[in-house]
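Trainee: prediction below, plus the sequence it came from.
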Number of protein chains: 2
Amino acid sequence: MDTTAAARRRPTIRDVAAAAGVSRGTVSRVINGGHWVSPEAREAVERAIAATGYRANQHARSLVTGRSNSLAFLLTEPHHLLFADPTFSILLRGAAEALSERGMTLILLVAGTPEERENVAQYVGAGHVDGVLLISSHADDPLLDTLVEQGIPTVACGIPLGHADQVGSVSVDEQAGARAMVAHLRSQGRRRIATITGPLDTPGGRLRLEGYRAELGDAYDERYVVHGDYTAESGAAGMDTLLDRAPDLDAVFAASDLMAAGALGVLRRRGLRVPEDVAVGGFDDSGLAATLDPPLTTIHQPFDRISAEMVAMLLDVVGGAPHSAVTMPAELVRRASA
Amino acid sequence: MDTTAAARRRPTIRDVAAAAGVSRGTVSRVINGGHWVSPEAREAVERAIAATGYRANQHARSLVTGRSNSLAFLLTEPHHLLFADPTFSILLRGAAEALSERGMTLILLVAGTPEERENVAQYVGAGHVDGVLLISSHADDPLLDTLVEQGIPTVACGIPLGHADQVGSVSVDEQAGARAMVAHLRSQGRRRIATITGPLDTPGGRLRLEGYRAELGDAYDERYVVHGDYTAESGAAGMDTLLDRAPDLDAVFAASDLMAAGALGVLRRRGLRVPEDVAVGGFDDSGLAATLDPPLTTIHQPFDRISAEMVAMLLDVVGGAPHSAVTMPAELVRRASA
DNA sequence: TGATTACCTGTGCACGTTCACAGGCTGTGA
DNA sequence: TCACAGCCTGTGAACGTGCACAGGTAATCA
């Protein structure tokens, strides 16, 4: 008897049918829901599946159904952003687990260079995935245009600027979060509150600035606003600019924890104490925030819930449901920095 | 004329053949290398492909070839490790890009819980991926046993303990790196050098400790050794233990940057200056190291080269080549902490 | 009794591709 | 003139699955 793994052919639905004494069709029915199958037949098939170690061939299945049983996790951010910010890892892992529970898989697609973007458009357009989880979109992204045009089910993390009504989205309430942070800083007696924004072509950059502005009202002063790109370096540079321009500031709201980390470094180097001289607030509550010195007061984003909701919504859209825009509450997390 | 994207059927190889005035076989030959095809036929086919916007159906192709044209990125670490350590993101992105260049895709597989491990074993065993990129293996991992048993091409990051000769691996020279760090600390005049190790069932945990021990020689003293699990929390706890046990230490080598970050926090809290009172060295040179305060002296792992090499080796193994063990040089990066 | 219904099962076809094979054409050497 | 090789092309058969359909049985109803 030859039972070596290498020599044995992978069992097909025919082998199962033969072992169970039924036809291919019956086996197929048992696998896909099992309606209209007699209890005896079902049990025989289930035994045969266990005995043969049968596992459906996904390629054959996809060929006939036109479904790939997988979603794409589409990454459009430039490389350097991923080196220090754990945000994306958390989303990625959450999405992978949510899919694995449903017997689906996650395909990682990187669209950094124009060439990669073209490949991604082709790949997705060819129907190799059922839908796309879009991470951190920039305004007027032509890739997103392509997805919309080709009718690819898409759900974005954060409201995609310029495409808000064309694709689904799951996001934290950016404005409310920013307002909560500013309100908190004010409640601590801070009066000259600066901000380091994210890129203004991203929802996080634009909406957190709007929240900051709305909460400040008449107290809003452009001199206290600088723009960053979410990196620690840009946070440091922004902090330097702010201190040169407005040395009297007594608080800073950075639109990401990573930029807050950069700002903290500059403050320390300049001999300013946190929070005594300058209070610092961040946004994201990524793993980073709690490990900074001092631990960072920030706005919590429920990344695990966001990824789970993105997957759920995308699968609904794939199934024919209309897309929607879900907003999750942003919660202030008080630590030592403010 | 109906040219709406929704109404138009995706072009198949038959459409291309018809448009080019040749047969399916000729089109297939042009796509796959193009040998034994006349220049005129090839040109006609290429024009037809461009005109129809044809893209091969991967499922149909995989069904007949038995190749999936994809690799799995297999994650076995528990969840919490990914929140702060960017190491895995860098490897993941590098692998995805290396594959995308070859027209292949990367599938993310998570094997945290026993249930997930079973699913992964089934999925991979069913031939849904051509090979597995194994990240951070633990000694005597039964999942790795399964992969080996089923003859799945596998390449690990770091020499897999207990399976060193059964699967391929790409790793940094852990021992040399640890020795370089200890040698550097000694050259700075440090004499009581402690270490916080990684988990001893991982190659990084075991081999970096061996390097530390080898470099210290007779000066090795167990009192200066504590064990962590790569997290910042374990680094902090380890530092506390060390200071309680051996308050006279003048240097610490943490087996990961994240643990070093935890150690830095404890040192600061206890009023010890870095590097004046205690020098601190890390390992990995992940994005984290440069942003710490003070910036961390550490051992650089060339993660981009590692991921590229893992992909290259795995594809060789898939193609029938024997697996091997590639070691990359570990380089000391001097910053302010030591 | 005959018609209708509800349930269960098996069979043929299609999905889009690659591969093996057969065969055509052209040129070369015996 | 025939055999043979080298190049190029087309065709049929697979790959493993889901789905539509036909057909069977048993129970219910007019």
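Mentor: Everything's here; your move.
Trainee: what's the first helix or strand after the helix or strand hosting residue A:253?
Mentor: Secondary structure from DSSP states H and E places residue A:253 in strand A:251-254. For strand A:251-254, the succeeding helix or strand toward the C-terminus, using DSSP H and E, is helix A:257-269.
Trainee: so for that following helix, what's the average pLDDT?
Mentor: Here helix A:257-269 scores 94 as its mean pLDDT.
Trainee: also stretch A:42-56?
Mentor: 94.
Trainee: what pairs with the strand holding residue A:253, and is each one parallel or antiparallel?
Mentor: When pairing is defined by DSSP bridges, strand A:251-254 lines up against strand A:193-197 (parallel), strand A:279-281 (parallel).
Trainee: what's the closest of those strands to DNA strand D?
Mentor: Nearest to DNA strand D, of all the strands paired with strand A:251-254, is strand A:193-197, at 48.9 Å by C-beta to the nearest atom of the strand. (Glycine included, C-beta is placed from N, CA and C.)
Trainee: now residue A:137: how far from residue A:147?
Mentor: 10 Å (C-beta to C-beta, to the nearest Å).
Trainee: for residue A:225, same thing?
Mentor: Between residue A:225 and residue A:147 the computed distance is 33 Å (C-beta to C-beta).
Trainee: when the two are compared, which one has more neighbours?
Mentor: residue A:147 (25 against 18; other C-beta atoms under 10 Å in any protein chain shown).
Trainee: ok, that one - contacts?
Mentor: Residue A:147 makes contacts with A:121, A:124, A:132, A:134, A:154, A:167, as judged by C-beta atoms under 8 Å, 6 or more residues apart in numbering or on different chains.
Trainee: C-terminal to the strand or helix carrying it, what's the next element?
Mentor: Following DSSP H and E, one finds residue A:147 within helix A:142-149. For helix A:142-149, the following helix or strand on the C-terminal side (DSSP H and E) is strand A:154-157.
Trainee: tell me which other helices or strands that following strand touches.
Mentor: Helices and strands touching strand A:154-157, by 3 or more C-beta pairs under 8 Å, 6 or more residues apart in numbering or on different chains; DSSP states H and E, are strand A:131-135, helix A:142-149, strand A:168-172, helix A:303-318.
Trainee: enumerate the positions of the strand holding residue A:253 that are buried.
Mentor: Applying a neighbour-count criterion of 16 or more other C-beta atoms under 10 Å in any protein chain shown, one finds A:251, A:252, A:253, A:254 buried in strand A:251-254.
Trainee: now swap in stretch A:321-331 and tell me
Mentor: Buried, per 16+ other C-beta under 10 Å, within stretch A:321-331: A:323, A:325, A:326, A:328, A:330, A:331.
Trainee: of these, closest to DNA strand C?
Mentor: Distance to DNA strand C across those (C-beta to the nearest atom of the strand) is lowest for residue A:323, with 26.2 Å.
Trainee: and the closest one, how far is that from residue A:165?
Mentor: When distance is defined by C-beta to C-beta, residue A:323 is 9 Å away from residue A:165.
Trainee: surely residue A:199 meets residue A:234?
Mentor: No. Here residue A:199 does not reach residue A:234: they are 9.1 Å apart, not a contact under C-beta atoms under 8 Å.
Trainee: now do the strands in chain A.
Mentor: Secondary structure of chain A (DSSP state E): strands located at A:70-75, A:105-110, A:131-135, A:154-157, A:168-172, A:193-197, A:225-227, A:251-254, A:279-281, A:298-300, A:325-328, A:331-333.
Trainee: could I get the average pLDDT for the last one?
Mentor: On average, the pLDDT along strand A:331-333 is 98.
Trainee: just how off-centre is that strand within its chain?
Mentor: 19 Å (C-alpha atoms, centre = their mean, to the nearest Å).
Trainee: likewise the first one?
Mentor: What separates the centre of strand A:70-75 from the centre of its chain is 10 Å, taken as C-alpha atoms, centre = their mean.
Trainee: list of residues touching it?
Mentor: In this structure, residues lying in contact with strand A:70-75 by C-beta under 8 Å, 6+ apart are A:82, A:88, A:92, A:95-96, A:99, A:104-112, A:120, A:124, A:128-135, A:311, A:314-315, B:93, B:96, B:107-108.
Trainee: how about 6 Å then?
Mentor: A:92, A:95, A:104-110, A:129, A:131-135 (C-beta atoms under 6 Å, 6 or more residues apart in numbering or on different chains).
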